[in-house]
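Asker: quick check, what structure comes out for this input:
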Amino acid sequence: MTGTPSTVADVMTHAVVAVGRDADFRDIADTLQRWRISAVPVLTGDGRVVGVVSEADLLTARDRDGERADALTAGRMMSVPAVTVHPGSPLNEAARAMSRGHLKRLPVVDGQHYLVGIVSRGDLLKVYPGDDRELADRVRFELAAALGPRAAVDTGVRSENGRITLTGAPPGTLSAPLLERLVRAVPGVVGVELRLAAPA
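Answerer: Have a look, this model is predicted:
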């Protein structure tokens with residue numbers, strides 16, 4: 001890999017721990033513990049992703065069904081559809097999917113939904129090692145570049161763990177959806193909240 005990583009393929013791990021639909025509760029729990037991970041993709045026999053089983057899924061299924069552990073299979077406990085990304089997906093897209101679903105990792109699939117890798121929050125954070133102050137500065141720079149320094153000067157920009165909050169006066173005449181799209185395009189941004197005053 002050369003240059004700055006820009007897609008999931010640049011940072012994903014190719015070796016993936018996964019289970020089949022017939023794996024039972026104990027098998028999955030042991031797998032999660034052995035590999036120190038919080039979730040595993042569930043695959044068909046030919047390697048397509050059909051779901052994900054997480055620690056939360058195990059706990060919910062056991063409490064709900066009250067069945068023997070060997071009767072609870074991945075196919076019955078998994079969350080569907082699986083939230084996945086493609087190797088060519090921009091890193092921002094993967095970060096937003098994790099943020100929306102409160103997920104720590106995403107299966108990476110090709111066009112036929114075959115598993116080709118896994119991408120984690122840690123993988124994304126390695127790409128954007130800067131702190132929140134640096135990210136807020138990048139957002140301010142992009143706003144000024146797109147709208148002009150004067151248009152952005154009265155808009156407050158705050159970053160917390162990659163989530164950007166804009167406050168104060170709206171920067172320029174952009175609609176809220178276009179403004180949100182502009183901010184989300186900044187590398188490292190995983191979420192946007194607009195708390196802007198109504199235009200006078």
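
Asker: quick one: the strands in this protein?
Answerer: For the chain, applying DSSP state E gives strands covering 19-20, 39-43, 49-54, 105-109, 115-120, 155-160, 163-168, 191-196.

Asker: packing partners of the second one?
Answerer: This points to strand 39-43. Judged by 3 or more CB pairs under 8 Å, 6 or more residues apart in numbering; DSSP states H and E, the packing partners of strand 39-43 are strand 19-20, helix 25-35, strand 49-54, strand 115-120. (Glycine included, C-beta is placed from N, CA and C.)

Asker: what angle separates it from strand 49-54?
Answerer: 150 degrees (axes from the mean of the first three to the mean of the last three CA atoms, to 10 degrees).

Asker: what do you get for the fourth one?
Answerer: Strand 105-109 runs at 170 degrees relative to strand 49-54, counting by the same axes, to 10 degrees.

Asker: please tell me how far the spatially closest residue to residue 162 that is not a sequence neighbour sits from residue 102.
Answerer: Distances taken as CB to CB, 6 or more residues apart in numbering place residue 190 nearest to residue 162, at 4.0 Å, with adjacent residues excluded. According to CB to CB, to the nearest Å, residue 190 and residue 102 sit 12 Å apart.
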